[in-house]
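quick one: sequence plus predicted model below, questions after.
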Amino acid sequence: MADPELQLVARRIRSFPDFPIPGVLFRDISPVLKDPDSFRAAISLLANHLRKAHGGKIDYIAGLDSRGFLFGPSLAQELGLGCLLIRKRGKLPGPTVSASYALEYGKAELEIQRDALEPGQKVVVVDDLLATGGTMRAACDLLGQLRAEVLECVSLVELTSLKGREKLGAVPFFSLLQYE
């Protein structure tokens, strides 16, 4: 990891063993948000990746409820784009479309406003962390219902041992930091 900006971000990720349950090593992004230099570096690194990968072909950044909201608007602003909100069920006014995804015990739903974008528009989905991939997969399905083109999904952190990237199928995925 030679990039000084990436090193700055990596140094701000804290690990908490046995949280929220025994056997889980929780990766805490709070210090990244607390430190303006590391947060700025994270946004800059994600934006640079997206510029290289997609040039000016992105129409929107879609932030996932809730921590994707912390990165989505800043990333969109850095790229000169608008930001769409993909929320948990029941949080958005007006007509919405929804997609379900599996949780460890049960299921959940994400929603987006039906008029959030036009068919064919190109979207990048952002969240803080990719674990099992269920939420990000549901977001891609949701955008597909609106006939958007999901160019890529990105996150600050990826937990590689949970193989969430595999749930995304053909949708490209990028993360700044990878942990087992």
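Thanks, I have the structure now. Numbers count the residues shown, from 1 in each chain.

of all residues in the protein, which one is nearest the centre?
By CA atoms, centre = their mean, the chain has its centre lying nearest to D127, at 1.9 Å.

now that residue: which helix or strand?
strand 122-130 (DSSP states H and E).

partners of the residue nearest to the centre of the chain in the sheet?
S155 (DSSP bridges).

what separates it from G164, distance-wise?
Going from D127 to G164 by CB to CB, to the nearest Å gives 10 Å. All C-beta spots, glycine's among them, are computed from the backbone N, C-alpha and C.

list residues touching both of these two?
M136 (CB atoms under 8 Å, 6 or more residues apart in numbering).

residues in contact with the helix ranked longest in the chain?
Using DSSP state H to define each element, the chain has its longest helix at helix 36-54. When contacts are defined by CB under 8 Å, 6+ apart, helix 36-54 is touched by residues 3, 5-6, 8-9, 11-12, 31-33, 58, 71, 74-75, 78-79, 122, 124, 126, 151-152, 154, 156, 172, 174, 176.

show me what the helix or strand just after the strand holding D127 is packed up against.
Counting by DSSP H and E, the next helix or strand C-terminal to strand 122-130 is helix 134-145. The contact analysis (3 or more CB pairs under 8 Å, 6 or more residues apart in numbering; DSSP states H and E) places helix 134-145 against strand 60-64, strand 82-88, strand 96-103, strand 106-113, strand 122-130, strand 149-159, helix 164-167.

can those go into TSV with extra columns for distance to L142 and mean pLDDT?
Below are the helices and strands packed on helix 134-145 laid out as TSV (distance: least, CB to CB, whole Å; pLDDT from 0 to 100):
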stretch	distance to L142	mean pLDDT
strand 60-64	9	98
strand 82-88	6	98
strand 96-103	4	91
strand 106-113	5	93
strand 122-130	9	98
strand 149-159	10	98
helix 164-167	14	96
